[in-house]
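Asker: Dropping the sequence and predicted coords here.
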Amino acid sequence: MVEVYRGLEKLLLGEPGLVSVIIGVEEEGVKVYFAHGLAACKKKFELKQIYPKLELELMYRPPLLLGEIVQRGVKAYLPKDVEEEIIFHKILGNTAIIGTPDFYSQSRKSVYELKFTRGKPEPLKHHRLRICIYKWLSDAEHTYLLYCSPTEFKEFEVNDEFNDNKLNYLMNGWSSPMWDWECKLCAHNSVCLNKTSKKELLCFIKSSFRISFALSSKLIKSIKSNKLCLSPYFFTELFFIKHRRINFNDR
């Protein structure tokens, strides 16, 4: 079980190969995005940079550990030419996209994503989107979603089109949440402003810091527009705002 934990931490914290790719593209002055992040909530992507330990706690939950164990078991039966978690990346202008599909076959020009499910195996929208990004990154000719459940193993070929224009469209429409069910399973609910109503936040700020309603409203507006990020220094920032030491127009 220790090896499984290590594997999950590598995915979260970055294995040496992945880190070197990220450093390489960042030196060119580009912004780095991950394929799995683009297929999920935009706010979650931002909060993962601020609170990485919250995501690590989620990684240790049984469903994800079970998925990792299943992947290792399937890997043992795959042909020798199938490689695991190859790193692919592309740079478009000032944007770099990085992806690591579960399996890649050079001889077959194919990408495979393995998913464990307790329900009926079917190609879900976010899985289709992610594997299409992997196909675009790797220039693969075929993509397959492999679903493993307690009762069956099913394979689905995904032929959805994805290109540079589709990527731009995806990033321009990147929303929070990306899918209706995401908030229920998100490890960042406790720090996500999308889960806190404006009224609740106004009451909290007023009662905790005894500042005016007008200043509270201005603070809310600043946070919602990302001019003031909810960070580990959130309450320090509130203190300085209370004493007029932060100019909202300069942030």
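Answerer: Great, that's in hand.

Asker: For the chain, which segments count as strands?
Answerer: In the chain, the strands defined using DSSP state E lie at 31-34, 82-84, 88-92, 95-99, 103-105, 110-116, 142-148, 153-157.

Asker: helices and strands of this protein: which one bottoms out on pLDDT?
Answerer: helix 2-13 (a mean of 43; mean pLDDT, DSSP states H and E).

Asker: Can you give me the neighbour number for A40?
Answerer: A40 has 21 neighbours, counted by other Cβ atoms under 10 Å. From N, CA and C alone the C-beta is placed, and that goes for glycine too.

Asker: if I look at F162, how far off is A187?
Answerer: Distance, F162 to A187, by Cβ to Cβ, to the nearest Å: 28 Å.

Asker: And for F88?
Answerer: 26 Å.

Asker: Give the burial count for T143, as a bare number.
Answerer: 25.

Asker: try Q106
Answerer: 12.

Asker: now Y144
Answerer: 19.

Asker: Enumerate every residue touching it.
Answerer: Contact analysis of Y144 by Cβ atoms under 8 Å, 6 or more residues apart in numbering lists S110, V111, Y112, E113, I131, E155, F156, E157, V158.

Asker: buried subset of the residues you listed?
Answerer: Among the contacts of Y144, the ones that count as buried by 16 or more other Cβ atoms under 10 Å are S110, V111, Y112, E113, I131, F156, V158.

Asker: out of the residues you listed, who's nearest P121?
Answerer: Set against P121, the nearest of the buried ones among the contacts of Y144 by Cβ to Cβ is F156 (8.0 Å).

Asker: Can you spell out which residues form a bridge with that closest one?
Answerer: Per DSSP bridges, the residues bridged to F156 are L145.

Asker: Show the pLDDT at it.
Answerer: The model reports F156 with a pLDDT of 94.

Asker: Also F153?
Answerer: 85.

Asker: what number of residues lie near it?
Answerer: Neighbours of F153 (other Cβ under 10 Å): 12.

Asker: And it, how far from R130?
Answerer: 20 Å.

Asker: Contacts only, for H142.
Answerer: R108, K109, S110, V111, E157.

Asker: Out of the strands of the chain, which gets nearest to P52?
Answerer: strand 31-34 (13.3 Å).

Asker: list the buried ones in the closest one?
Answerer: V32, Y33, F34.

Asker: With respect to S175, which of these is nearest?
Answerer: Y33 (14.8 Å).

Asker: nearest residue to that closest one other than its sequence neighbours?
Answerer: I97 (5.4 Å; Cβ to Cβ, 6 or more residues apart in numbering).

Asker: Look up which residues are beta-bridged to the one you found.
Answerer: Beta-bridge partners of I97, as defined by DSSP bridges: Y33, K90.

Asker: ok, the residue nearest to Y104 when sequence neighbours are not counted to S110 distance?
Answerer: Sequence neighbours aside, I86 is the residue nearest to Y104 in space, at 4.6 Å (criterion: Cβ to Cβ, 6+ apart). Distance of I86 to S110, given as Cβ to Cβ: 12 Å.

Asker: Mind listing the shared neighbours of those two?
Answerer: Y104.

Asker: circling back to that earlier point, the contacts of Y144 into TSV, with extra columns for distance to Q71?
Answerer: Listed next are the contacts of Y144 as TSV, based on distance: Cβ to Cβ, whole Å:
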residue	distance to Q71
S110	17
V111	14
Y112	10
E113	10
I131	15
E155	15
F156	17
E157	19
V158	18
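
Asker: can you put the buried ones among the contacts of Y144 in TSV and add distance to E141?
Answerer: Formatted as TSV, the buried ones among the contacts of Y144 follow (distance: Cβ to Cβ, whole Å):
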residue	distance to E141
S110	7
V111	9
Y112	13
E113	16
I131	13
F156	16
V158	12
